[in-house]
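Undergrad: this one's sequence-less:
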């Protein structure tokens, strides 16, 4: 009985997560499809059964004939439920987005992973001004972005009322393109990287992906641990960065992939170390190479530093590369 109850709560947890991520009413068929991404094979009938139970508990609300929205109680339940299932969420999300990334390095078409940031409508122009120096200084994965107004969608995410959404390219684009090129990538942690004289110096804070239930970048931004604006304007500050490792024999392939990404206005590689040598103060395993990637949310962190409220869905979704535009064109 205990195991069965735990299994039911796990299914409820992932249904709530799907509804929370999309922020729109979904039917049983769509939810069943999304559940497959989490390794749960449930038919429409089974999903409807769980949804009815969740309605009774006040976790979801029936909209129309079959659609469901998550309620405030559902959001609270999601935040507190099944901590053991949340551990490692970040690394699982990275792997999932990397798998779904199918950007063609030669044709410059396909899906790329993005972070979604929601700004109050009345503060968006101010936010753009605050982010401008970070984009200009190259403290981002790409200066290609996408914008959506309330009611519009970016990938599978719908923009809520009185919000404007900004999509920034996520560093997982490197994971995805390297994966397609046959290079295995070990995503170790995200951290705060100290910049001195416009050069990366050392990591001063870090959170391992495998032990985190929340994307580390969201934590660092929320805690106001960055000084991206200072780094952009003066060359000294603290920015968001990520640490990856690849097998040393894969270096030539990785360099080719990074070069082609750069041609497409994508990338974010800050440092690629030598074989088995420490990078920015971080030791590297034998016969492996350390890579430091810029955090895609650095410009958004600059907006937060300017006192602008923002809600971040790091590693939020994937969108078509061709739907992106230059930040300067917004």
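TA: Noted; the coordinates are in hand. Computed from a prediction, not measured in an experiment: that's the story for all the values here.

Undergrad: switch to C-alpha atoms for all contacts and neighbour counts from now on
TA: Will do.

Undergrad: Which parts of the stretch 51-200 of the chain are strands?
TA: 60-63, 67-70, 111-120, 144-148, 153-154, 157-158, 163-169, 186-196, 199-208 (DSSP state E, counting those that start in this stretch).

Undergrad: Pop the domain breakdown of this structure in here.
TA: 2-86, 87-330 (automatic domain parsing).

Undergrad: The helix or strand encompassing residue 30 packs against which elements?
TA: Using DSSP states H and E, residue 30 sits within helix 28-35. Packed against helix 28-35 by the contact rule (3 or more Cα pairs under 8 Å, 6 or more residues apart in numbering; DSSP states H and E) you find helix 2-22, helix 44-56.

Undergrad: how far off helix 44-56 does that helix point, in degrees?
TA: Between helix 28-35 and helix 44-56, the angle comes out at 100 degrees (axes from the mean of the first three to the mean of the last three Cα atoms, to 10 degrees).

Undergrad: Quick check: buried residues in helix 28-35?
TA: Within helix 28-35, the residues that qualify as buried are 28, 29, 31, 32, 34, 35, counting by 16 or more other Cα atoms under 10 Å.

Undergrad: before we move on, the earlier item: which of the helices and strands packed on helix 28-35 has the lowest mean pLDDT?
TA: Mean pLDDT per stretch puts helix 2-22 lowest among those, at a mean of 74.

Undergrad: for the chain, what helix or strand is lowest in average pLDDT?
TA: helix 83-86 (a mean of 53; mean pLDDT, DSSP states H and E).

Undergrad: pLDDT below threshold where in the stretch 1-150 of the chain?
TA: Within the stretch 1-150 of the chain, the segments meeting pLDDT under 70 span 1-8, 23, 81-89.

Undergrad: Could you give the number of residues near the residue nearest to residue 320 when sequence neighbours are not counted?
TA: Excluding its sequence neighbours, the residue lying closest to residue 320 (Cα to Cα, 6 or more residues apart in numbering) is residue 111, at 4.5 Å. Using other Cα atoms under 10 Å, residue 111 has 22 neighbouring residues.

Undergrad: so who does residue 111 touch?
TA: 100, 101, 102, 103, 318, 319, 320, 321 (Cα atoms under 8 Å, 6 or more residues apart in numbering).

Undergrad: pretty sure the fifth one is in a helix, no?
TA: Put plainly, it is residue 318. No: according to DSSP: H, G, I helix; E, B strand; the rest coil, residue 318 belongs to no helix; its state is strand.

Undergrad: What's opposite residue 26 in the beta bridge?
TA: residue 68 (DSSP bridges).

Undergrad: how much space between it and residue 61?
TA: According to Cα to Cα, to the nearest Å, residue 26 and residue 61 sit 11 Å apart.

Undergrad: Please identify which of the helices and strands packed on helix 28-35 is closest to residue 152.
TA: helix 2-22 (11.8 Å; Cα to Cα).

Undergrad: Can you give the distance of stretch 53-64 from its chain's centre?
TA: 28 Å (Cα atoms, centre = their mean, to the nearest Å).

Undergrad: which parts of it are buried?
TA: Under the neighbour-count criterion of 16+ other Cα under 10 Å, stretch 53-64 has 54, 55, 59, 60, 61, 62 buried.

Undergrad: Adding distance to residue 234, write those out as JSON lines.
TA: Compiled in JSON lines, the buried residues of stretch 53-64 are given as follows (distance: Cα to Cα, whole Å):
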{"residue": "54", "distance to residue 234": "52"}
{"residue": "55", "distance to residue 234": "54"}
{"residue": "59", "distance to residue 234": "49"}
{"residue": "60", "distance to residue 234": "49"}
{"residue": "61", "distance to residue 234": "50"}
{"residue": "62", "distance to residue 234": "53"}
